[in-house]
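Engineer: for reference, the sequence and a predicted model appear below.
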Amino acid sequence: MRVLRFIRRFLLIAVILVIVVLVAGVVWLLTHRDDARTWRQVTVIGAQLTDLGRFDRIGELLAADTSTARTQQVGTLPATIVTPDDGGEAHPAIVLLVPAGTSEAEERRVRDVQHAVAGAGLSAWAVRVPGDDALAASTASDQLVDALAAIVRHDTTRDRHISVIAVGPTASIVLVAAASGPIAADLEAIVAVQPVADVRGLVALATTGVYVDAAGREHRAEPSPELRASAGRAVLQAVRVELPNPNPVLDSVLDTAARSLDPLATLKVLPDAVAGPKLAPVLAVLRADTTAEFDAAWNRLPVGFREAAQKRSPLPVAGTVRARVLVVQATDEEWARSDAERLTAELPDARMIEADPEDPGAVIDQATAIRDLLSVSEWWIRRAGA
């Protein structure tokens, strides 16, 4: 699935930019002893991930990690945990939210990252989150928050202290959870890779081809298939909240849309007779051709639908997030950059970096970029590994 490949790609970007390039901090460590603890953590993490080639020589200098991975159910979601080999003490936890459908090779890569994180003295979790189609269900957000809450309470987690790396719609859910709810006070740091800042704006771009930048100016852009898929599944999630028990025919249509590569296209052609009066306002939104038509249709939506969309939109509540947030977005996505800028501006403690999705490691060939990445990575790990 194209959407799944998109999410996997950005998971790897997050890991590479936030963890792997930190190995270059060895040089910095030699001259800044006051921050030695944080930089030891980040350089050990990077140096143990030796399969990227550029870090092989440094990796040879460190002893092999002896920690082991254990399976663990957190809430209703499966997970693995790797802890430092130090007698079972509790540690701050870094949680990787891994999309369902990840291949065995990618799982091994994630496991390598977990061992590297454990080698730096942190507990490392990998939680298998629902796939894109399951994220359309109204309970998906609750499942994810429950899983993170279970990690907060786990006996390996010190002082209820967790940090999270998440991608796309999942990252948006984490950011909303960081603003309110049972784990808001326990989320210390978040890496949000191409999060959806505002579901309303996402759906508007997917349907009209227009987005609003951080300064409030409108721009026209061709929505990518991945963006349309994210918008469609956000709409489906809101529909499931508003229509928890649809008739069998409509239920089958919604399931088909959730499994399709373009849920918006599937819903848009739904006959009015099948949609019924409750779903008709949603079809009016999806069939809007201009921003004026979209705005009018959106304002006519049932309150429950708009509230469900709000639940997946971190932008309105970003000002109350206490966690330190690193926002990562692709250099080739104009709308994503705008969304990332808006989120970064509203979050109290946030920074933004850009990545080339085709070559996420290329930036380390540039001295200035290396310094910038080291600075932002040390800034994030300092909070995550406190």
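Structural biologist: Ah, there it is.

Engineer: tell me where the stretch 251-386 of the chain has strands.
Structural biologist: 324-330, 350-355 (DSSP state E, counting those that start in this stretch).

Engineer: can I get those strands in CSV including distance to residue 96, mean pLDDT and mean neighbour count?
Structural biologist: C-beta: built from backbone N, CA, C; applies to glycine. Formatted as CSV, the strands of the stretch 251-386 of the chain follow (distance: least, CB to CB, whole Å; pLDDT from 0 to 100; neighbours: other CB atoms under 10 Å):
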stretch, distance to residue 96, mean pLDDT, mean neighbour count
strand 324-330, 14, 86, 25
strand 350-355, 17, 83, 20
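
Engineer: adjacent strands (with direction) for the helix or strand hosting residue 125?
Structural biologist: Element membership of residue 125 [criterion: DSSP states H and E] is strand 123-129. In the sheet, strand 123-129 lines up against strand 77-82 (antiparallel), strand 91-99 (parallel) (DSSP bridges).

Engineer: just to revisit the earlier point, can I get the strands of the stretch 251-386 of the chain in a markdown table with distance to residue 148?
Structural biologist: Formatted as a markdown table, the strands of the stretch 251-386 of the chain follow (distance: least, CB to CB, whole Å):
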| stretch | distance to residue 148 |
| --- | --- |
| strand 324-330 | 15 |
| strand 350-355 | 19 |
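
Engineer: what sits against the residue of the chain most remote from its centre?
Structural biologist: Farthest-out residue of the chain from its mean C-alpha position, per CA atoms, centre = their mean: residue 273, at 37.4 Å. With contacts defined as CB atoms under 8 Å, 6 or more residues apart in numbering, residue 273 has no neighbours.

Engineer: swap in 10 Å and give it another go.
Structural biologist: residue 249 (CB atoms under 10 Å, 6 or more residues apart in numbering).

Engineer: residue 274: neighbour count?
Structural biologist: 12 (other CB atoms under 10 Å).

Engineer: pull the helix or strand with minimum mean pLDDT from this protein.
Structural biologist: helix 25-31 (a mean of 34; mean pLDDT, DSSP states H and E).

Engineer: list the strands paired with the longest strand anywhere in the chain, with their directions.
Structural biologist: Criterion DSSP state E: the longest strand present in the chain is strand 157-167. Next to strand 157-167 in the sheet, as set by DSSP bridges, lie strand 91-99 (parallel), strand 187-193 (parallel).

Engineer: deepest of those, which one?
Structural biologist: Among the strands paired with strand 157-167, strand 187-193 has the highest mean neighbour count (mean count of other CB atoms under 10 Å), at a mean of 28.

Engineer: distance between that one and the chain's centre?
Structural biologist: Here the centre of strand 187-193 is set off from its chain's centre by 8 Å, with CA atoms, centre = their mean, to the nearest Å.

Engineer: following it, which helix or strand comes up?
Structural biologist: Past strand 187-193, the next helix or strand by DSSP H and E is helix 199-208.

Engineer: circling back to that earlier point, mean pLDDT for the strands paired with strand 123-129: which is lowest?
Structural biologist: Among those, strand 91-99 has the lowest mean pLDDT, at a mean of 88.

Engineer: dump that strand to PDB, restricted to CA.
Structural biologist: Provided in PDB are the C-alpha atoms of strand 91-99 (Å, rounded to 0.1, in the frame of the first residue of the first chain):
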ATOM      1  CA  HIS A  91      14.500   4.100  33.300                       C
ATOM      2  CA  PRO A  92      12.800   6.800  31.200                       C
ATOM      3  CA  ALA A  93      11.200   5.200  28.200                       C
ATOM      4  CA  ILE A  94      11.300   6.100  24.500                       C
ATOM      5  CA  VAL A  95       8.400   4.600  22.600                       C
ATOM      6  CA  LEU A  96       8.500   4.000  18.800                       C
ATOM      7  CA  LEU A  97       5.000   3.700  17.400                       C
ATOM      8  CA  VAL A  98       5.400   1.200  14.500                       C
ATOM      9  CA  PRO A  99       2.600   0.900  11.800                       C
END
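
Engineer: so what's the gap between that strand and the chain middle?
Structural biologist: 12 Å.

Engineer: which is the next helix or strand following that strand?
Structural biologist: Sequence order places helix 104-119 as the next helix or strand after strand 91-99, per DSSP H and E.

Engineer: below-threshold pLDDT in the protein: ranges please.
Structural biologist: The model of the chain has pLDDT under 70 over residues 1-67, 87, 131-140, 214, 332-336, 355-374, 386.

Engineer: ignoring the adjacent residues along the chain, who's closest to residue 199?
Structural biologist: Computed as CB to CB, 6 or more residues apart in numbering, the closest residue to residue 199 that is not its neighbour in sequence is residue 309, at 4.1 Å.

Engineer: the one you found touches residue 176, doesn't it?
Structural biologist: No. Judged on CB atoms under 10 Å, residue 309 makes no contact with residue 176 at a distance of 11.3 Å.

Engineer: those two - which one has more neighbours?
Structural biologist: Comparing residue 309 with residue 176 by other CB under 10 Å, the one with more neighbours is residue 176, at 24 against 21.

Engineer: secondary structure element for that one, which one?
Structural biologist: helix 168-179.

Engineer: and the angle for that helix with strand 91-99?
Structural biologist: Relative orientation of helix 168-179 versus strand 91-99 (axes from the mean of the first three to the mean of the last three CA atoms, to 10 degrees): 140 degrees.

Engineer: could I have helix 168-179 exported to PDB, CA atoms only?
Structural biologist: Listed next in PDB are the C-alpha coordinates belonging to helix 168-179 (Å, rounded to 0.1, in the frame of the first residue of the first chain):
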ATOM      1  CA  GLY A 168       1.500  11.000  10.300                       C
ATOM      2  CA  PRO A 169      -2.000  10.600  11.800                       C
ATOM      3  CA  THR A 170      -0.600   8.700  14.700                       C
ATOM      4  CA  ALA A 171       1.700  11.600  15.500                       C
ATOM      5  CA  SER A 172      -1.300  13.900  15.500                       C
ATOM      6  CA  ILE A 173      -3.100  11.600  18.000                       C
ATOM      7  CA  VAL A 174      -0.100  11.700  20.300                       C
ATOM      8  CA  LEU A 175       0.100  15.500  20.100                       C
ATOM      9  CA  VAL A 176      -3.600  15.800  21.100                       C
ATOM     10  CA  ALA A 177      -3.000  13.400  23.900                       C
ATOM     11  CA  ALA A 178      -0.100  15.500  25.100                       C
ATOM     12  CA  ALA A 179      -2.500  18.500  25.400                       C
END
